[in-house]
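Asker: Sharing a model that was predicted from the sequence below.
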Amino acid sequence: MNKEKAYWIYTKMHEIRKFEDQVHKIFLTGAIPGFVHLYAGEEAIAVGVCAHLNEKDYITSTHRGHGHCIAKGCDLNGMMAEIFGKETGLCKGKGGSMHIADLDVGMLGANGIVGGGFPLAVGAGLTAYVEGTNGVTVCFSGDGANNHGTFHEGINIAAALNLPVVFVVENNGFGEATPFEYATSAKSIVDRAQAYNIPGVKVDGKDVVAVYEAAQKAVERARNGEGPTLIEAVTYRNYGHFEGDSQTYKSETDKQKWPVEEDCIDRFREFALENGLLTQEKAEAIETSVEAAVQEAVEFAENSSQPSAETLTEDVYADYQ
Amino acid sequence: MTRKITFSQAVNEAIDILMERDKKVILIGEDVAGGATVDHLQDEEAWGGVFGVTKGLGNKYGRKRVIDMPIAEAGYMGAAVAAAVTGLRPISELMFNDFIGSCLDEVLNQGAKMRYMFGGKAKVPLTIRTNHGAGASAAAQHSQSLYGMFTAIPGLKVVVPSTPYDAKGLLISAIEDDDIVVFFEDKTLYSMKGDVPEGYYKIPLGKADVKRKGEDLTIVAIGKMVHTALKAAEELASKGIQTEVIDPRSLSPLDEEPILQSVEKTGRLIIVDEANPRCSVAADISALVADKGFDSLDAPIKMITAPHSPVPFAANLEKLYIPSSDQVIKAALELVNNLTLMR
């Protein structure tokens, strides 16, 4: 990892954290409608993986998609406006938090359906295979989705056809309010890779450097036509499943351990400072500029208009309303 | 030049022409070629689809464009959606429309909504080819006509051709269309022969076809039922009743005008639909005419459909399940007599 990469990683992790903290605060005021599922605490995974992707690569995402969007390069103003349901949003206010997408940067959409991303990632991989590009698709999912049929169908097809897809499961310990250990018969999600005859790597999802290194190998393999990899990144979400979740299922020990002692941003900051990848001044400069960018996004969203009535039936079909 | 070929050959030709023209067109599904990686086949296809409809395409275009998929409909149907969004123009075969139960999310929640949810940025040029219809002793899980389910979903276009000519021209339009088109092929029509021009021609989606002109009665019939209606119309003509038979060809978008105009002329409407009756396309067309053409009606609208039951296996029951021309004639005579009494 060079300094430039370290700056990028530190910036993106901060952007996600500040963005989500803002959404959390604003949601409490009632200015954001609907459901939001926050990514805070899991930044190391989206950022560590997307660090290896270019604009032509694709990702698929989940309910908890804001972090993936930011790491893949979605515009913060457009994202915040989308979450507010405004016409300047990335999806003109018609998708919302669970469906933010920007095909121009290879972001195939957050997804309101658990397990929805696996087949889609396979499809983007199929395009790369048929067209002979060396594009890679990363499928982000949560541990809740690893028991879904599409997980198994998707990984099997990608493996059988040797498609350039990397499957990244963020195991945050809970699928909604149900513990991973209760819902999953396997001891580890990564054990399931063996059944599909592909490499499986389990990493500390709070350690962006570990994620970065595991993803580097997986993305390279895919790009070189060596097929898919399954990465399980163990993590914890700082907020609930959705905003408004009472989180009674979380233990007091975990609530102290993960967001405070094991915080991924603190850990990377320390690592980068120790290894000369970041200086105190540079870190502070990044923090300040991120703070300003997120503030600007909030103001942009607040000052934008709602979509006009005639857009209700627009974009159902490509050629008529 | 026009010659007589089968419905199945017409479908095959449409795909062949577009695969030849556009490298982005690929064909995926279960055994669309068949026999992948079998040594002694040396890449020759085994089947060309379970009904042999896509025969020859695997050999001609190779296994990188005619791709056999594992029996995993959710996996490959979702893949087809995203392949379309990321630049290909896939044709994905759902072997039997009944199997939609295994991949409905990929069509309903992913593909159909993407363009809208993404604020118009996505284009999903995917054609889902599937077969439907009773009459092949295929029983309850391989015989349904589920086009009504798809017609109810915004974002999907739905096509049900009744002749080889329509099948070829409509499929070419479907594949070239930038939205998801679900293309229904009645398995009992595959061997039916009809006049089909060689080469490329299009029939626009959303345009109905008047298959027979008449002044006394309108019949709207879907897919194979067009032939049932035409048979009934022939019989009715011998009794002095002139029947207009309208084939909508596309159920979404639905060409409403020819139906309303015809009812305005005839004052009587029968809808013949092989699907189950509740929340069906027949009920939908009935509601359309009741709403927009009420003043034209001289008699109640009649729906001739399958009963509200699964498709039975036993041949005698299956025959009873499928709407017959006798049922259509009976209903037609009732409507005409009604009118005579009223007058």
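Answerer: Alright, I've got the coordinates.

Asker: ok, is the one helix or strand A:V209 maps to in contact with chain B or not?
Answerer: A:V209 belongs to helix A:208-223 when elements are defined using DSSP states H and E. No: Helix A:208-223 lies out of reach of chain B by C-beta under 8 Å from any C-beta of the partner chain, never closer than 15.1 Å. In this view, the C-beta of every residue, glycine as well, is placed from N, C-alpha and C.

Asker: Look up the closest residue to whichever residue of the stretch 101-250 of chain A sits closest to chain B, ignoring the ones flanking it.
Answerer: Going by C-beta to the nearest C-beta, chain B is nearest to A:P119 of the stretch 101-250 of chain A, at 2.2 Å. Distances taken as C-beta to C-beta, 6 or more residues apart in numbering or on different chains place B:G78 nearest to A:P119, at 2.2 Å, with adjacent residues excluded.

Asker: again, but for A:L28
Answerer: A:E243 (7.9 Å).

Asker: is it true that the one you found lies in a helix?
Answerer: No: with DSSP: H, G, I helix; E, B strand; the rest coil as the criterion, A:E243 is coil rather than part of a helix.

Asker: Could I get the phi/psi values of it?
Answerer: Dihedral angles phi and psi of A:E243 (degrees, to the nearest 10) take the values phi -70, psi 130.

Asker: Pull the number of nearby residues for it.
Answerer: 19 (other C-beta atoms under 10 Å in any protein chain shown).

Asker: list the contacts for it?
Answerer: Going by C-beta atoms under 8 Å, 6 or more residues apart in numbering or on different chains, A:E243 touches A:V23, A:H24, A:F27, A:L28, A:F35, A:V36, A:H37, A:L38.

Asker: which SS state does the closest residue to chain A within the stretch 1-150 of chain B fall under?
Answerer: Per C-beta to the nearest C-beta, B:G78 is where the stretch 1-150 of chain B lies closest to chain A, at 2.2 Å. What three-state DSSP gives for B:G78 is helix.

Asker: Just the pLDDT for it.
Answerer: As predicted, B:G78 sits at a pLDDT of 98.

Asker: Also B:R343?
Answerer: pLDDT, B:R343: 43.

Asker: Return a ChimeraX selection command for the buried portion of the contacts of A:E243.
Answerer: Selection of the buried residues among these in ChimeraX, burial being defined by 16 or more other C-beta atoms under 10 Å in any protein chain shown:
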select /A:23,24,27,36,37,38
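
Asker: Would you mark the buried spots in the helix holding A:V209?
Answerer: For helix A:208-223, by 16+ other C-beta under 10 Å, it's A:V208, A:V209, A:A210, A:V211, A:Y212, A:A214, A:A215, A:A218, A:V219, A:R221, A:A222, A:R223.

Asker: Tabulate the residues you listed (CSV), appending distance to B:S137 and pLDDT.
Answerer: Shown next, in CSV, are the buried residues of helix A:208-223 (distance: C-beta to C-beta, whole Å; pLDDT from 0 to 100):
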residue, distance to B:S137, pLDDT
A:V208, 61, 98
A:V209, 63, 98
A:A210, 59, 98
A:V211, 56, 98
A:Y212, 59, 98
A:A214, 54, 98
A:A215, 53, 98
A:A218, 50, 98
A:V219, 51, 98
A:R221, 49, 98
A:A222, 47, 98
A:R223, 50, 98
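
Asker: mind listing the helices for the stretch 51-200 of chain B?
Answerer: With DSSP state H, counting those that start in this stretch applied, the stretch 51-200 of chain B shows helices at B:57-61, B:73-85, B:104-105, B:112-117, B:147-151, B:164-176, listed in chain order.

Asker: These: which one's closest to A:M107?
Answerer: Judged by C-beta to C-beta, the one of the helices of the stretch 51-200 of chain B that comes nearest to A:M107 is helix B:73-85, at 11.5 Å.
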